[in-house]
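take a look and give me a structure for this.
(one chain, ligands or ions: 1)
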Amino acid sequence: MPVITEINDLKRIYRRRVPKMFYDYCESGSWSEQTFRENTSDFEKLHLRQRVAVDMSGRSTKTQMIGQDVSMPVALAPVGLTGMQHFDGEIKAAKAAEEFGVPFCLSTMSICSIEDVAENTNAPFWMQVYTLKDDDFMQRLFDRAKAAKCSAAVITVDLQLLGQRHKDLKNGLSAPPKLTAQSVANMMTKVQWGLGMLQTKRRFFGNIVGHAHGVEDASSLSSWTAESFDQSLNWDRIREFRKMWDGPLIIKGIMDPRDALEACNVGADAIIVSNHGGRQLDGALSSIRALEPIMDAVGDKIEVHLDSGVRSGQDVLKAVAMGAKGCWIGRAFVYGLGAMGEAGVTKALEVIHKELDLSMALTGHTDINTVDKDILMIPKDFS
Ligand code: FNR
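Got it, this is the predicted structure:
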């Protein structure tokens, strides 16, 4: 086993172990992938201010996200098809998150269902919900999340239409994978992955199959998905979703200060500044660039989180310094999961935690809650 010291180490192992179709699904952005690239490269444009001769002992990265205690300001983002990256992937990731003391958020488009995850974990997890036309299905999803003791719901508002990813179209992405000569040849080289997949007892797309009208198997899912996303979504409709869920609510996919203010008005508890990891509007600003104007607009009206491009503890530190109460990681945990299952997700969290802890100390802080903009050097044209 190679020595793993950074998230990129996990990505290299992940690439070797998981079929190309699912690696590409994770490791791609929409169209030219400009936003996907800038999500990570823009973090490098923010510099940290080094301080010395400050007592750096007794450090803590503990804080709260939407009032819940977390061991560091990081949550696992909802990622569709996580169960195709590693068998029972959603359960494995949720267990690693629970052990580490950070929130796990289950995607609507997961392989394991809400009930599968609830039965196999102890800590309450968070549930992500897409904005779909079918009110009955939406209400049932919220009710199932409530019955599973989910402690927050996340409504993703940036996917009324699906951004095009060239690789997914070219690979003929599907779950279960379509058996073509090319995909079979590729999967046969991924022995560990395949043996794992043979063990799983889960139903594909457990949140939807058997629960949405007319969707009895994964093959009828694609036409349902194409028809179900609500292209006519507006803030009144989001207000209706708010009424369907009486617990903490997070709105995910905000990139503009005006939309951030709308989210405050519908009674959300938090927003996630996110461009869906560069998978939706190609050419959109990176999330880290979009953060400051949004912080300025909302002040302390709402808790603000960030995702898209976070690959290190230094990235988390920069977002927190800019005012985010927490960061969500998508690909960074998927790399770990695909590489080594639950232990790989734990490794990803350990790597990020160590980077956050040490970098925070080197900026002169021993408590993540005292970190502010003072530790950053922000270029004039950054936002
Ligand atoms: C996602 N994302 C996502 N978001 C969501 O609300 N529901 C979903 O089902 C998915 N599915 C999904 C699949 C894959 C493969 C990726 C990479 C991302 C977006 C995700 O929650 C998050 O916004 C991004 O992953 C953040 O960017 P990074 O951390 O991956 O750069």
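
wait, residue 305 touches residue 326, no?
Yes - in this structure residue 305 lies within contact range of residue 326 using C-beta atoms under 8 Å: 4.8 Å. All C-beta spots, glycine's among them, are computed from the backbone N, C-alpha and C.

got a list of what the nearest residue in space to residue 253 that is not next to it in sequence touches?
Nearest residue to residue 253, sequence neighbours excluded (C-beta to C-beta, 6 or more residues apart in numbering): residue 158, at 2.9 Å. Contacts for residue 158 (C-beta atoms under 8 Å, 6 or more residues apart in numbering) come out as 252, 253, 255, 274, 275, 276, 280, 281.

in the protein, which spans are strands?
Using DSSP state E, the strands of the chain run over residues 47-48, 63-65, 68-70, 74-76, 105-106, 126-130, 152-156, 249-254, 270-273, 303-307, 326-329, 376-377.

and of those, who's closest to residue 243?
Judged by C-beta to C-beta, the one of the strands of the chain that comes nearest to residue 243 is strand 249-254, at 10.4 Å.

so which residues on the stretch 1-150 of the chain come close to the ligand?
25, 26, 39, 77, 78, 79, 80, 107, 109, 128 (C-beta under 6 Å from any ligand atom).

in PyMOL, select just the buried ones from these.
In PyMOL, this line selects whichever of these come out buried by 16 or more other C-beta atoms under 10 Å:
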select buried, resi 25+26+39+77+78+79+80+107+109+128
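
circling back: who touches both of residue 305 and residue 326?
Counting by C-beta under 8 Å, 6+ apart, the shared contacts of residue 305 and residue 326 are 65, 75.

I'd say residue 173 and residue 25 touch.
Yes - using C-beta under 8 Å, residue 173 makes contact with residue 25 at a distance of 5.5 Å.

in the worst-scoring helix or strand of the chain on mean pLDDT, which residues are buried?
Of all helical and strand segments in the chain, the minimum by mean pLDDT, DSSP states H and E falls on helix 221-228, at a mean of 87. Neighbour counts over helix 221-228 (16+ other C-beta under 10 Å) mark 221, 224, 225, 228 as buried.

returning to what we had before: format the strands of the chain as a markdown table; extra columns: distance to residue 262 and mean pLDDT.
Shown next, in a markdown table, are the strands of the chain (distance: least, C-beta to C-beta, whole Å; pLDDT from 0 to 100):
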| stretch | distance to residue 262 | mean pLDDT |
| --- | --- | --- |
| strand 47-48 | 33 | 98 |
| strand 63-65 | 22 | 98 |
| strand 68-70 | 25 | 98 |
| strand 74-76 | 23 | 99 |
| strand 105-106 | 22 | 98 |
| strand 126-130 | 18 | 98 |
| strand 152-156 | 13 | 98 |
| strand 249-254 | 9 | 98 |
| strand 270-273 | 10 | 98 |
| strand 303-307 | 14 | 99 |
| strand 326-329 | 21 | 99 |
| strand 376-377 | 28 | 98 |
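
save these as TSV, and put in distance to residue 139 too.
Rendered in TSV, the data for those read as follows (distance: least, C-beta to C-beta, whole Å):
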stretch	distance to residue 139
strand 47-48	46
strand 63-65	26
strand 68-70	24
strand 74-76	25
strand 105-106	18
strand 126-130	10
strand 152-156	12
strand 249-254	15
strand 270-273	22
strand 303-307	26
strand 326-329	26
strand 376-377	43
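
check the stretch 251-383 of the chain for the residue nearest the ligand and tell me.
Going by C-beta to the nearest ligand atom, the ligand is nearest to residue 330 of the stretch 251-383 of the chain, at 2.0 Å.

list the residues that contact the closest residue to that residue other than its chain neighbours.
Nearest residue to residue 330 in three dimensions, chain neighbours excluded: residue 77, at 4.1 Å (C-beta to C-beta, 6+ apart). Residue 77 is in contact with 105, 277, 307, 328, 329, 330, 333, counting by C-beta under 8 Å, 6+ apart.
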